[in-house]
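Undergrad: From the sequence below, what's the structure:
(one chain, ligands or ions: 1)
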Amino acid sequence: MQIIIIEEYPKMSQQAARFIAQKILAKPNLVLALPTGNTPLGLYCELVRMFKEGLIDFSKVTVFNLDEYLGLPPQHPQSFRSYMHKYFWDHVNLRPESCYIPLSLPENPEAECYRYEQLIASYGGLDLAVLGIGENGHIAFNEPGTPWESLTHIVKLSPETRAREASKFRGLDKVPTHAITMGIKTIMNAREILLLASGEEKALALSRSLKGPITPETPASILQLHPNLTIIADNLAARHL
Ligand code: PGA
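TA: Numbering: from 1, shown residues only. The predicted structure follows:
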């Protein structure tokens, strides 16, 4: 496990973007898993800047989103598909057919989970999974209690997770109740993992995950067993490490 602590969020985002750029230089057809949320906004901004400066070529890269809400039209402003278009996909030279995210309105959600997992496998698995961490220690939408063996599956979102999103949806009742997420095993099967954490509200979850017992109650704690894990955190998130 390699822990990189950077004093401020903008520099942390820059460091994370350089980390990914190095991986793409080493393997131009990199298969990446990517997160949404507040934490990676700076990372996407930096990746787009580096692309515009000719420093990164995404033309052979494949990206898989970690998760997507169920029940939202794909073009809903809060869908993760919309987020990815807005902050990343539309600003770099990724081929549209190489940008994958679970369907938000699948005819058969179970079949969609299976299809997504198979799709990842058809690319030979993930080279690098980039993750954020929830205040409850979740990774992607794997909430506390998720079995370690889980592959891509449907989750019922926890009350804390839904409450945190309520303002974006203008009301708790509008926040989807379910999502599709890569499972813990899908993530752990990635050949490399980069975990990003920013802000004081992540400090406890981060220290519990990296220094506490490995328990499904803290999903990110399983990352302690990953053979190739890097954490990039700002000072505030790293304060209990
Ligand atoms: P955030 O979400 O980046 O918006 O804090 C992270 C997460 O919940 O995984």
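
Undergrad: right, and the helix or strand after the worst-scoring helix or strand of the chain on mean pLDDT?
TA: Lowest mean confidence among the helices and strands of the chain (mean pLDDT, DSSP states H and E): helix 159-169, at a mean of 92. On the C-terminal side of helix 159-169, the nearest following helix or strand under DSSP states H and E is strand 178-181.

Undergrad: And the next helix or strand past that next one?
TA: helix 184-188.

Undergrad: any idea of the mean pLDDT for that following helix?
TA: What helix 184-188 shows for mean pLDDT is 98.

Undergrad: of all the residues in the protein, which ones are close to the ligand?
TA: 37-39, 132-134, 138 (CB under 6 Å from any ligand atom). C-beta here means a position set from N, CA and C on the backbone, and glycine is covered the same way.

Undergrad: And the furthest pair within these?
TA: Asn38 and His138 (14.4 Å; CB to CB).

Undergrad: So between the two, which is more surrounded?
TA: The residue with more neighbours, out of Asn38 and His138, is His138; 24 against 10, by other CB atoms under 10 Å.

Undergrad: which residues does the more buried one contact?
TA: Residues near His138 by CB atoms under 8 Å, 6 or more residues apart in numbering: 144, 158, 161, 219-220.

Undergrad: Kindly reformat these as a markdown table containing neighbour count.
TA: Shown next, in a markdown table, are the contacts of His138 (neighbours: other CB atoms under 10 Å):
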| residue | neighbour count |
| --- | --- |
| Pro144 | 15 |
| Ser158 | 16 |
| Thr161 | 18 |
| Pro219 | 27 |
| Ala220 | 27 |
